[in-house]
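Fold the stuff below for me.
(2 chains)
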Amino acid sequence: MTVRVRFAPSPTGYLHVGAARTALYNYLFARANDGTFILRSDDTDTARSTDEFQEDILEHMQWLGLEWDEGVARGGEHGSYRQSDRYGRYREVAHDLIADGSAYYSFATPDQLESFKQAAREAGTSPAYDGSLEPLDADIARLISDGESAVVRFRVPRPGETRFTDIVRDEMVFDHKQVDDFIILRSDGTPTYHLASTVDDVDYGITHVIRGEDLLSSTPKHILLAEAMDADPATYAHLSLLMGPDGKKLSKRHGDTAMSAYREAGLLPEAINNYLALLGWSLGDDEEIASISEMIGKFDLNSVSKNPAVFDPQKLEWLNGVYIRDMDDEEFVGRTLASVEDDLGRSLSGGERAQFDAIAPLVKERTKLLTEVADQVRFLFSDIDEYDEKSWAKVMDKPEGPVALDAAASVLSVLEPWTTEAIEGALRGMLESTGLNARKGFQPVRVAISGSTVSPPLFECLEILGKVETLARIARARSEMK
RNA sequence: GGCCCCGUCGUCUAGAGGCCUAGGACGCCGCCCUCUCAAGGCGGUAGCGUGGGUUCAAAUCCCAUCGGGGCUACCA
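Prediction:
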C-alpha cells in the first residue's frame, strides 16, 4: 500500500514552529517511504480561519522547502483540499451515520451538559457525556419538526473500548467511559473537526496520521468514526509536543513562534529543518548536521522520541551559523545583499558591490544570523555616525590612542601598493617604532575606521575600505580626540 | 477531579540487562590560536526524579511514588 500522509493545519493562526515540525516529520516519512505528502486545510472553524493565515502557512511551507504532492493551491484528485468546500460531503456522512444509528440528534442544552459534568467531577467519575440527557425517541421527531435546536452527536458504543497501536507510543487503550458522545455536526449544520478531519482522512486514503500528542485522546473518536464509515482507520503516530523553556506547551508567551519571525530574524530554512528534526529524533552516530535528503535516508518514525522537547533558540542559532559558514561566498552574498541594501536604504553601486564581495568571506565566518551582516559591513558604505561609546572609551581615551593613530597615518599615507599584505607590514612596522603591542596599536585604528573595537580582520578591512577613506577616517578620529 | 502521555547533564539526545566509573551536541567555564570578534583546537562543568523489588549483574525489566505535560468546547 502506498503511503499517504497529510499535514492539516487549521488557518486560525500563522505557521508556527511546532506545526512546522509536524509538517517536517510528515514530509520525511512520506519521502522516506516513496509516499505522497498532502497539504490540507482544516478550516472548519469559520470564525477564526482567515485567508491571511492560510497564505502564511502556504508561504512558509514553501520557504521551508516542504513541497507537497497534493493539496491546497496545488490540487489533486480530491478537489481543493479545503474543508470549507466540502460541507455537503460531511453532512452526507453525518446523515448516513444517523440513518444507521451511529449518530443522533442531540437536544441536551449547555446548562444540562454543564451540570452533568459538574456532577461527574464531584463524584470522581468520567465527565464524558454519554447521551443520557436525551429526550425519549418518541419525542425526537416532534422536536425536529418544531425546529428545536439540535446538534448531531456520534453514538459511542457503551460499554466498550478502543485499542490501537500508535507508532510512537505503542499499544493504546481507551475505555469508552472516557470518550464522550462528541458532536459531529453543529446546530448550524457545519461539521466539527472530528468529523471533517476523519472523513477527509478516509476519502483521501490517508494511511498514516502523524500529528501532535494533543490529539492523542481524540484518536478513539476518529477510529470509531472511520469504522462507522466502514473504512479502515489510518495508522496513527502521535508526536510529543514542543515546550517553552518553562516546560509548558510552546506558545506566543515564549517569544517568537511564528515561522515568519524566524525567517525575518535571519534563520535559514535548512537550519530550521535540521534543528526541528533533532527535536524528537536523532540521526544516530553522534551526528547533528544533516541535509533534508540525508534525513530522508535515515528517517524512521519508530525511533521518534516520546518525550516532549524544549525548543532551544541558542542551538538553532548555532546550527544556522554552521549552515552559513558552509555556504559558497556567492551564495552568502546572494542571500544577504538585500538586507544590507535595506539597512542602507539604497542599493549598492558597482564599486560597493565589489567591496561587499571582497569582505563577504570574512563576514560569513562571523555570522550566525543573516540579519547580522548589515551591522558588520555598514562601515564600508557609509560614514561613521558615531563611534561606539564603549569602544571609544576603551581604546581612544587612552594614551596609546593618539600615538597609534598618528603613527598609523604616517606609515599608511606613503604606502604603496595598498594591499592587505603591505598594510599588515606597514602597521606591524609601526608597532615596533612606537613600542606598542598589537592590541594597543591596532585597536585605535580599528575604531577609527569601523567605529567599533569589533570588526572583520583589520588589514583586509583597510584594503577594502581604500587608502583615501582609511586616511580620512584616521584623521577624523584623531581630530575628535581631546 | 477523570483519562492519557512522558521522566538520562540547564537544553536536545545516544543508550533496547553486562560494551556505562553513562556517549554526542548546544550552552557555560578554562586554555591554545590570535590585530578585535568569531571560527577552530584542546580540556572541563553537569545527568539516569525517588523508594522498593527481579537478577550474579539495571539507566535499561516490574511495582509504587513523586514530578511535568496533554485532553476533558457547537476550537482544532
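
Which positions in the stretch 351-482 of chain A make contact with RNA strand B?
Residues of the stretch 351-482 of chain A lying close to RNA strand B (CB under 7 Å from any atom of the strand) are A:365-366, A:438-439, A:442-443, A:446, A:453-460. C-beta: built from backbone N, CA, C; applies to glycine.

List buried residues within the residues you listed.
Those of those that meet the buried threshold are A:366, A:442-443, A:446, A:453, A:455-456, A:458-460, by 16 or more other CB atoms under 10 Å.

so where's chain A shaky on pLDDT?
A:482 (pLDDT under 70).

can you list the domain ranges for it.
Here chain A is described, according to automatic domain parsing, as comprising the domains A:1-68+A:240-324, A:87-239, A:329-380, A:389-479.

Dump the ones you listed into CSV; add distance to residue A:81 as well.
Formatted as CSV, the domains of chain A follow (distance: least, CB to CB, whole Å):
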stretch, distance to residue A:81
domain A:1-68+A:240-324, 5
domain A:87-239, 8
domain A:329-380, 32
domain A:389-479, 49
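
what residue of chain A is the furthest out?
residue A:433 (55.5 Å; CA atoms, centre = their mean).

Tell me where the stretch 151-300 of chain A has strands.
A:151-154, A:161-166, A:170-175, A:183-185, A:208-212, A:235-239, A:242-243 (DSSP state E, counting those that start in this stretch).

do the third one and RNA strand B meet at all?
Yep, that's strand A:170-175 we're talking about. Yes. Contact of strand A:170-175 with RNA strand B (CB under 7 Å from any atom of the strand) involves A:170, A:172-175.

among these, which ones are buried?
For the residues of strand A:170-175 next to RNA strand B, buried by 16+ other CB under 10 Å: A:172, A:174.

Looking at the residues of strand A:170-175 next to RNA strand B, spot the one nearest residue A:45.
Using CB to CB, residue A:174 is the member of these that sits closest to residue A:45, with 24.8 Å.

roughly how far apart are that closest one and residue A:130?
Between residue A:174 and residue A:130 the distance is 14 Å, computed by CB to CB, to the nearest Å.

For the stretch 101-250 of chain A, just list every one of the helices.
A:110-123, A:137-145, A:193-203, A:219-228 (DSSP state H, counting those that start in this stretch).

who does the third one touch, helix- and strand-wise?
Using 3 or more CB pairs under 8 Å, 6 or more residues apart in numbering; DSSP states H and E as the contact criterion, the neighbours of helix A:193-203 among helices and strands are helix A:87-99, strand A:183-185, helix A:219-228.

How about the last one?
Using 3+ CB pairs under 8 Å, 6+ apart as the contact definition, the elements that helix A:219-228 packs against are strand A:151-154, strand A:161-166, strand A:170-175, helix A:193-203.

mind redoing it with 7 Å?
Secondary-structure packing of helix A:219-228 (3 or more CB pairs under 7 Å, 6 or more residues apart in numbering; DSSP states H and E): strand A:161-166, helix A:193-203.

who wins for proximity to RNA strand B among the ones you listed?
Closest approach to RNA strand B among the helices and strands packed on helix A:219-228 (CB to the nearest atom of the strand): helix A:193-203, 3.4 Å.

Can you tell me what sits against the closest one?
A:8, A:40, A:42, A:44, A:78, A:83, A:89-90, A:93-94, A:182, A:184-185, A:209, A:218, A:221-222, A:225-226, A:229, A:231, A:234 (CB atoms under 7 Å, 6 or more residues apart in numbering).

same check, this time on stretch A:76-86
Contacts for stretch A:76-86 (CB under 7 Å, 6+ apart): A:39-44, A:46, A:70-72, A:196, A:200, A:203-204.

just stretch A:239-255 next, same as before
A:17-18, A:21-22, A:25, A:168, A:210-214, A:257, A:279-280, A:304-311.

Please repeat the previous calculation with a cut-off of 8 Å.
Stretch A:239-255 has contacts (CB atoms under 8 Å, 6 or more residues apart in numbering) with A:16-18, A:21-22, A:25, A:168, A:210-214, A:257, A:279-280, A:304-311, A:313.

and those residues, which are buried?
Counted by 16+ other CB under 10 Å, the contacts of stretch A:239-255 give A:16-18, A:21-22, A:25, A:168, A:210-213, A:257, A:279-280, A:304, A:308-309, A:311, A:313 as buried.

For residue A:410, which non-adjacent residue is closest in space?
Distances taken as CB to CB, 6 or more residues apart in numbering put residue A:430 closest to residue A:410, at 7.9 Å, once the chain neighbours are dropped.

In which helix or strand does the one you found reside?
Assessed by DSSP states H and E, residue A:430 sits inside helix A:420-434.

So residue A:14 sits against residue A:262, correct?
No. Residue A:14 is beyond contact range of residue A:262, at 11.2 Å (criterion: CB atoms under 8 Å).

which one of these two has more residues nearby?
Remark: of residue A:14 and residue A:262, residue A:262 carries more neighbours, 26 against 21, as counted by other CB atoms under 10 Å.

Surely the more buried one is in contact with residue A:256?
Yes. Counting by CB under 8 Å, residue A:262 touches residue A:256, with 6.5 Å between them.

ok, now which ones touch the residue nearest to residue A:410?
Per CB under 8 Å, 6+ apart, neighbours of residue A:430: A:404, A:407-408, A:410-411, A:441.

Which one of those is nearest to RNA strand B?
Proximity of the contacts of residue A:430 to RNA strand B, judged by CB to the nearest atom of the strand, is greatest for residue A:441, which lies at 8.0 Å.

tell me which strands and helices the helix or strand hosting the closest one is in contact with?
Applying DSSP H and E as the criterion places residue A:441 in helix A:438-450. In this structure, helix A:438-450 packs against helix A:400-413, helix A:420-434, helix A:458-465, helix A:467-479, with contacts taken as 3+ CB pairs under 8 Å, 6+ apart.

Quick one: work out the angle between that helix and helix A:400-413.
Between helix A:438-450 and helix A:400-413, the angle formed by their directions is 70 degrees, by axes from the mean of the first three to the mean of the last three CA atoms, to 10 degrees.

which residues sit against helix A:438-450?
With CB under 8 Å, 6+ apart as the test, helix A:438-450 has contacts from A:379, A:384, A:387-388, A:391-392, A:394-396, A:398, A:400-401, A:404-405, A:407-408, A:427-428, A:430-431, A:434, A:452-453, A:455, A:458, A:461-462, A:465, A:469-470, A:473-474, A:476-478.

Ok, stretch A:273-282 next?
So stretch A:273-282 is contacted by A:17, A:20-21, A:24-25, A:28, A:64-66, A:239-240, A:242, A:283, A:288-292, A:295, A:299, A:303-305, A:309, A:311, A:315-316, A:319, A:323 (CB under 8 Å, 6+ apart).

No further queries at this time; thank you.
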